[in-house]
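Asker: sequence unknown, structure follows:
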C-alpha cells in the first residue's frame, strides 16, 4: 500500500475511528486523538501485513482495540482512590463540551476495558459478534460474556446514576 | 432482549464530539508519518553502511589470510630458526611444533586485519554530523 493509498483510506475512516476512541476514553477527546495517532502510526509501519485492502476498516479497528488495551494496561487505575481523592481529580468528561453523554460516559468508565470495547464495537460500530471475535482475538464465548456483562452493568449504572 | 433494544436506542444517536478538525488531525498524522519515514530511512542507511563495512572486513581478512599462507614456508623457517638459537629451552622444544605457531600467526594476522578494516570502514562510512 502506497502512502497516498494509506492516507486516502485513513481519510475515509478517521472520523469513525476517533469517535470510537472518544467513547472508549469516556469523552476525553485529547487522549482519544493521541491514541488514534498512535494506532494509525502503528498501522502505517505495518501496512505491508494488510493482505486485503478492502478490509482496511476492520484491520484499523483491530489495531485501535489493541492500542487501547495496551494503553489501559500501562495506566494506573483510579479504583484505589478513595472518594475524597476522586472528588479532587479533574473529570475527563469536561473534555466533551456538549456534556450530552455524561451519564453514558460515566457508565462506560465503570466498565472494564475489554467489556467497554465489546459493547462499543457491537452497539456503536455495529459489528457482529463474529466480527468482534476476529477483531479482538478473543473467543466467541468471551465476547458474548463481555456483551452480556456490559449490558447488565450499563443497565444498573444508567438506572442508578 | 429488552436491555439489548434499549442500548441499541441509546447508541443510535450517540455521536461523540471530536477534539480537533479532520484537517488538523490529518496534518498531525502526516507530520508523524514523515518523522517515522525519516527514522526508517536513517536505519536503512546505517544497515547498508554496516553491511558494506562487513564485506570490506571479510575481504581484508581473506587477503591477509592468503598472503600469510603464501608466506607460510618463510615464517615457519624463521620460527624454527628462533627455537634452534635457544638451546636452553629444552623442555619447551620437546613439544614445540613450528607449523602450529605459524598457523596461529596466520590466523591472528587475518583476524586483526579484518577487525581493523571493519573499524576503519565504519568510521569512514559514518554520516557527517547534522548541522
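Answerer: Nice, thanks for sending it over. What you see is a predicted model, and the numbers here were worked out from it, not measured in a lab. Residues are numbered from 1 along each chain as shown, chains lettered A, B, ... in the order given.
Asker: Name the nearest residue to the most centrally placed residue in chain A, ignoring sequence neighbours.
Answerer: With distances taken as Cα atoms, centre = their mean, residue A:24 lies nearest the centre of chain A, 3.6 Å away. Leaving aside its sequence neighbours, residue A:24 sits nearest to residue A:68 (Cβ to Cβ, 6 or more residues apart in numbering or on different chains; 5.2 Å). From N, CA and C alone the C-beta is placed, and that goes for glycine too.
Asker: Now tell me which helix or strand of chain A has the poorest mean pLDDT.
Answerer: Least confident element among the helices and strands of chain A, by mean pLDDT, DSSP states H and E: helix A:83-88 (a mean of 41).
Asker: centre of the chain versus the helix or strand that it is followed by, how much separation?
Answerer: Sequence order places helix A:102-109 as the next helix or strand after helix A:83-88, per DSSP states H and E. Between the centre of helix A:102-109 and the centre of its chain there are 13 Å (Cα atoms, centre = their mean, to the nearest Å).
Asker: As a check, name the ranges of all helices in chain A.
Answerer: A:3-24, A:29-45, A:56-74, A:83-88, A:102-109, A:113-119, A:129-136, A:140-159 (DSSP state H).
Asker: lowest-confidence stretch among those helices?
Answerer: Here the helices of chain A differ in mean pLDDT, and the lowest is helix A:83-88 at a mean of 41.
Asker: Next one: the residue nearest to residue A:24 from chain B, what distance?
Answerer: 14 Å (Cβ to the nearest Cβ, to the nearest Å).
Asker: Would you enumerate the residues in contact with that residue?
Answerer: A:21, A:24, A:35, A:113, A:117 (Cβ atoms under 8 Å, 6 or more residues apart in numbering or on different chains).
Asker: Could you find the closest non-adjacent residue to the fourth one?
Answerer: The reference is to residue A:113. Nearest non-adjacent residue to residue A:113 (Cβ to Cβ, 6+ apart): residue A:72, at 4.3 Å.
Asker: any chance you could map the helices in chain B?
Answerer: For chain B, the helices defined by DSSP H cover B:2-12, B:22-70, B:72-84, B:90-95, B:98-124.
Asker: near chain B, which residues of chain A?
Answerer: Within chain A, the positions near chain B by Cβ under 8 Å from any Cβ of the partner chain are A:3, A:7, A:10-11, A:14-15, A:18-19, A:22-23, A:27, A:29-30, A:32-33, A:36-37, A:40-41, A:44-45, A:95-98, A:101, A:104, A:119, A:123-124, A:151-152, A:154-155, A:158.
Asker: swap the cut-off to 7 Å and go again
Answerer: Proximity of chain A to chain B (Cβ under 7 Å from any Cβ of the partner chain) is limited to residues A:10-11, A:14-15, A:18-19, A:22-23, A:27, A:29-30, A:32-33, A:37, A:40-41, A:44-45, A:96-98, A:101, A:104, A:123-124, A:151, A:154-155.
Asker: which among those end up buried?
Answerer: A:10, A:14, A:18-19, A:22-23, A:27, A:29, A:32-33, A:37, A:40-41, A:44, A:96, A:101, A:104, A:123-124, A:151, A:154 (16 or more other Cβ atoms under 10 Å in any protein chain shown).
Asker: Please work out the residue of chain A nearest to chain B and name it.
Answerer: Among the residues of chain A, residue A:29 lies nearest to chain B; the distance is 3.1 Å by Cβ to the nearest Cβ.
Asker: Excluding chain neighbours, what is closest to that residue?
Answerer: residue B:19 (3.1 Å).
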